[in-house]
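Asks: next one to model:
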Amino acid sequence: MTSRIAVLAIDATDIRLVADFWAAVLGWRVIDEDTDIISIGPADASWPTIDVCAVPEAKTVKNRLHLDLRADGSSTEEEIARVVALGGRHVDVGQPPDATWTVLADPEGNEFCILKRTVQEVR
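Replies: Numbers count the residues shown, from 1 in each chain. Next up is the predicted model:
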């Protein structure tokens, strides 16, 4: 027997802003909502989902856990531009200049990466 990832949790002070950002980036939708948590997930109700949880404090240090994404159906450069247009921003966490990933942050500063190879290139 093993465990299966069911939910990833992202802390935020503005849960609507962060949930809407991640839903747009991933092509997901809101699946549940209350005053302190907004849950987003794929339309087919598969796992994992993401809970955006209200916290009183702002992010102050680099994430200990982050998401790595691959462009799916577009080039990596097009996906980076799309995510930046949605509110993401480039950040420097000490990655090398020849990194095979681009480090971005969501609207509240949570880092994530878009990997150089697309979904289609790794299949």
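Asks: which stretches of the chain form helices?
Replies: For the chain, the helices defined by DSSP state H occupy 15-26, 76-85, 119-122.
Asks: how about these in CSV, adding mean neighbour count and mean pLDDT?
Replies: Backbone N, C-alpha and C define where each C-beta goes, glycine included. As requested, these are arranged in CSV below (neighbours: other CB atoms under 10 Å; pLDDT from 0 to 100):
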stretch, mean neighbour count, mean pLDDT
helix 15-26, 19, 98
helix 76-85, 15, 98
helix 119-122, 11, 96
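Asks: make a markdown table out of the ones you listed and add distance to residue 106.
Replies: Shown next, in a markdown table, are these (distance: least, CB to CB, whole Å):
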| stretch | distance to residue 106 |
| --- | --- |
| helix 15-26 | 5 |
| helix 76-85 | 9 |
| helix 119-122 | 21 |
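Asks: nearest to residue 43 among the ones you listed would be which one?
Replies: helix 15-26 (10.6 Å; CB to CB).
Asks: neighbours of the residue nearest to residue 89 when sequence neighbours are not counted, how many?
Replies: Sequence neighbours aside, residue 105 is the residue nearest to residue 89 in space, at 5.5 Å (criterion: CB to CB, 6 or more residues apart in numbering). Applying other CB atoms under 10 Å, we find 18 residues neighbouring residue 105.
Asks: wait, residue 105 touches residue 93, no?
Replies: No - the pair residue 105 and residue 93 fails to qualify as a contact (CB atoms under 8 Å) at a distance of 9.2 Å.
Asks: where do the strands of this structure begin and end?
Replies: Assigned by DSSP state E, the chain shows strands spanning 7-12, 29-33, 37-41, 49-54, 67-69, 89-90, 101-105, 111-115.
Asks: so can I have JSON lines of those showing distance to residue 79?
Replies: Below are the strands of the chain laid out as JSON lines (distance: least, CB to CB, whole Å):
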{"stretch": "strand 7-12", "distance to residue 79": "20"}
{"stretch": "strand 29-33", "distance to residue 79": "19"}
{"stretch": "strand 37-41", "distance to residue 79": "18"}
{"stretch": "strand 49-54", "distance to residue 79": "18"}
{"stretch": "strand 67-69", "distance to residue 79": "8"}
{"stretch": "strand 89-90", "distance to residue 79": "13"}
{"stretch": "strand 101-105", "distance to residue 79": "9"}
{"stretch": "strand 111-115", "distance to residue 79": "6"}
